[in-house]
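Asker: Sequence below, structure please.
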Amino acid sequence: MIALDLDGTLLRSDNTIGPRTLQALHEAHARGVQVVLNSGRMVAAMESTADLLGLDVYAVGYNGAAASAPRAQGRRRLFEKPVPRDVARELVHLAHERRLQLNYYRDELVFSEDRPELRPFVELYRSRTGSPFRFVANLADHLDVPPLKAIFVTDPAERERLAEELAPCFAGRANLTKTDPEYLEFLHPEVHKGVGLRGLCEALALPLSRVMAVGDADNDAPMVATAGWGVAMANARESVRQAACVITENDCNHDGVAEAVERWVLFRA
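Answerer: Modelled structure (predicted):
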């Protein structure tokens with residue numbers, strides 16, 4: 001199995017996939033190697049990348065909170081670990097109190113309140129991810145299903161202030177993750193990309209020793225560390241480099257994923 005982060009790893013800066021990378025992954029897949037997209041995005045927002053790839057792939061979404069089977073199997077859920085309901089309730093209350101944009105992920109949709117002053121943050125997120133939104137009058141009326149993750153979307157300075165303030169409040173109850181400069185993500189306290197990868201492999205009875213994982217960002221470090229063969233992209237953050245077995249010579253814009261597949265899966269010099 002090959003597990004791949006999207007932005008900064010599989011995808012180039014212009015959100016395309018290089019032809020060399022496509023060729024290498026198709027050749028590996030033809031040899032019986034499963035390809036997994038492992039992203040902070042919801043599974044529905046990963047489908048456009050799967051289309052670019054042209055393969056029926058497994059998907060680990062929500063920064064590891066859920067894993068789904070390929071499209072041919074109806075994207076059935078193989079693993080999930082949602083945010084505790086009491087944490088979700090507190091986040092909704094906080095969003096109302098501070099007038100913050102809160103993305104609440106359930107039913108493969110982003111549930112959100114539609115407030116004019118917060119619409120720029122909705123559009124910022126939607127333009128980057130293509131995630132489908134469902135606008136509701138009050139998120140408090142939709143807590144019957146706990147979210148797979150929740151995100152405050154705000155300006156970068158406010159994000160930093162929130163992270164510093166809220167980390168002690170949710171310690172042990174939620175995993176707080178800073179991804180894009182505007183995002184503060186809340187996950188189940190045990191969830192990260194490595195947990196999602198492990199959950200998928202357990203569902204498929206596949207040893208982690210048979211998995212290569214490739215990533216670049218801080219939230220990829222647990223995935224890279226969990227896999228039997230962890231690969232950091234040349235453009236990777238230091239945390240990923242420390243977690244990896246090897247580092248590619250090429251970055252995401254120069255087919256670093258193809259290099260990894262060719263060298264350590266297809267065993268071509």
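
Asker: What segments of the protein are strands?
Answerer: Ranges of strands in the chain, per DSSP state E, are 2-4, 35-38, 58-61, 66-68, 77-80, 101-106, 109-113, 133-136, 150-153, 175-178, 183-187, 212-215, 229-232, 246-247.

Asker: Domain parsing of the protein, as residue ranges.
Answerer: Split into domains by automatic domain parsing, the chain comes to 2-80+192-264, 85-187.

Asker: Give the full set of residues in contact with the residue lying closest to residue 241 once chain neighbours are set aside.
Answerer: Nearest residue to residue 241 in three dimensions, chain neighbours excluded: residue 232, at 4.7 Å (CB to CB, 6 or more residues apart in numbering). All C-beta atoms are positioned from the backbone trio N, CA, C, and that covers glycine. Residue 232 makes contact with 214, 215, 216, 224, 240, 241, 243, 244, 246, 247, 248, according to CB atoms under 8 Å, 6 or more residues apart in numbering.

Asker: Which member of those residues is positioned nearest residue 173?
Answerer: residue 243 (25.0 Å; CB to CB).

Asker: gap between the closest one and residue 225?
Answerer: Here residue 243 is placed at a distance of 4 Å from residue 225 (CB to CB, to the nearest Å).

Asker: of these two, who's got more company?
Answerer: Legend: neighbour count by other CB atoms under 10 Å for residue 243 and residue 225, higher for residue 243 (24 against 19).

Asker: where does that one land on pLDDT?
Answerer: Looking at residue 243, its pLDDT reads 98.

Asker: ok, so of the contacts of residue 232, who is nearest residue 264?
Answerer: Of all these, residue 264 sits closest to residue 246, with 7.3 Å by CB to CB.

Asker: and the closest one, how many neighbours does it have?
Answerer: 15.

Asker: Can you say which of the domains of the chain is packed in most?
Answerer: Counting by mean count of other CB atoms under 10 Å, domain 2-80+192-264 has the highest mean neighbour count of the domains of the chain, with a mean of 20.

Asker: same for the lowest-mean-pLDDT helix or strand in the chain, what does it pack against?
Answerer: Of all helical and strand segments in the chain, the minimum by mean pLDDT, DSSP states H and E falls on strand 175-178, at a mean of 90. Packing partners of strand 175-178 (3 or more CB pairs under 8 Å, 6 or more residues apart in numbering; DSSP states H and E): helix 156-169, strand 183-187.

Asker: Can you list the strands that the last one pairs with?
Answerer: This means strand 183-187. If you go by DSSP bridges, strand 183-187 pairs up with strand 150-153 (antiparallel), strand 175-178 (antiparallel).

Asker: In TSV, list those along with distance to residue 184.
Answerer: TSV is the format used below for the strands paired with strand 183-187 (distance: least, CB to CB, whole Å):
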stretch	distance to residue 184
strand 150-153	5
strand 175-178	6
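
Asker: out of the ones you listed, nearest to residue 120?
Answerer: strand 150-153 (9.4 Å).

Asker: Only C-alpha atoms, please: export the closest one in PDB.
Answerer: C-alpha atoms of strand 150-153 as PDB (Å, rounded to 0.1, in the frame of the first residue of the first chain):
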ATOM      1  CA  ALA A 150     -14.700  20.600  13.500                       C
ATOM      2  CA  ILE A 151     -12.700  23.700  12.400                       C
ATOM      3  CA  PHE A 152     -12.700  27.300  13.400                       C
ATOM      4  CA  VAL A 153     -11.800  29.300  10.300                       C
END
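
Asker: Report the distance from that strand to the chain centre.
Answerer: Relative to the mean C-alpha coordinate of its chain, strand 150-153 is positioned 14 Å out (CA atoms, centre = their mean, to the nearest Å).

Asker: and if you look at stretch 194-207?
Answerer: With CA atoms, centre = their mean, you get 15 Å for stretch 194-207.

Asker: Stretch 219-234 now?
Answerer: 13 Å.
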